[in-house]
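1. With the input below, show me the fold.
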Amino acid sequence: QVQLVESGGGLVRSGGSLSLSCLMSGRLSIIHVLAWYRQAPGKQRELVAAMPSDGETNYRDSVKGRFTISRDNAKSTLTLQMASLKPEDTAVYYCYADITTLGSRAQYWGRGTQVTVSS
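-> Numbering: from 1, shown residues only. Sure, this is the predicted structure:
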């Protein structure tokens with residue numbers, strides 16, 4: 001069983017920075033995609049940044065140049081560094097993984113971590 005646990009959310013002022021971490025555990029046999037999503041109140045969940053195993057890292061336009069997604073294989077951790085935060089970045093941020101484990105491919109989600117940016 002694969003588990004994803006996010007941490008690092010909190011309250012920050014506009015223009016500030018936060019770093020989110022996602023600790024991945026379980027049999028991570030083949031990782032196809034790692035990503036961060038977010039969901040603001042009353043809105044649909046949206047992709048923030050993704051690291052496909054066979055492609056380039058990509059970001060939604062509104063966070064380009066401000067957010068950086070990275071992966072530490074040794075620590076089984078996915079990180080999202082966020083800078084120059086804006087009130088519109090306020091949302092619950094979710095870690096996502098598309099993984100093949102024990103011969104079966106599936107998508108996994110963390111429970112989310114709240115990020116609140118005050119103006």
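2. So the nearest residue to Arg13 once chain neighbours are set aside versus Asp89, what's the distance?
-> Of all residues not flanking Arg13 in the chain, Ser118 sits nearest, at 5.4 Å (Cβ to Cβ, 6 or more residues apart in numbering). For every residue, glycine as well, the C-beta is placed using N, CA and C. In this view, Ser118 and Asp89 are 11 Å apart by Cβ to Cβ, to the nearest Å.
3. quick one, which of the two is more surrounded?
-> More crowded of Ser118 and Asp89, by other Cβ atoms under 10 Å: Asp89, with 22 against 11.
4. Give me the neighbour count for Trp109.
-> 13.
5. ugh, wrong one, Ser29
-> When neighbours are counted by other Cβ under 10 Å, Ser29 registers 13.
6. all helices in the chain, in order from the N-terminus.
-> Assigned by DSSP state H, the chain shows no helices.
7. Find the residue at the geometric middle of it.
-> Trp36 (2.4 Å; Cα atoms, centre = their mean).
8. Relative to Val5, how far out is that residue?
-> Counting by Cβ to Cβ - Trp36 and Val5 are separated by 14 Å.
9. what does Ile69 give?
-> Taking Cβ to Cβ, one finds Ile69 at 17 Å from Val5.
10. List the residues that contact the residue nearest to Cys95 when sequence neighbours are not counted.
-> Closest residue to Cys95 apart from its sequence neighbours, by Cβ to Cβ, 6+ apart: Cys22 at 3.4 Å. Cys22 sits next to 4-7, 36, 77-80, 95, 110 when contact means Cβ atoms under 8 Å, 6 or more residues apart in numbering.
11. Bridge partners for the spatially closest residue to Phe67 that is not a sequence neighbour, pull those for me.
-> Of all residues not flanking Phe67 in the chain, Met82 sits nearest, at 5.1 Å (Cβ to Cβ, 6+ apart). Per DSSP bridges, the residues bridged to Met82 are Leu18, Phe67.
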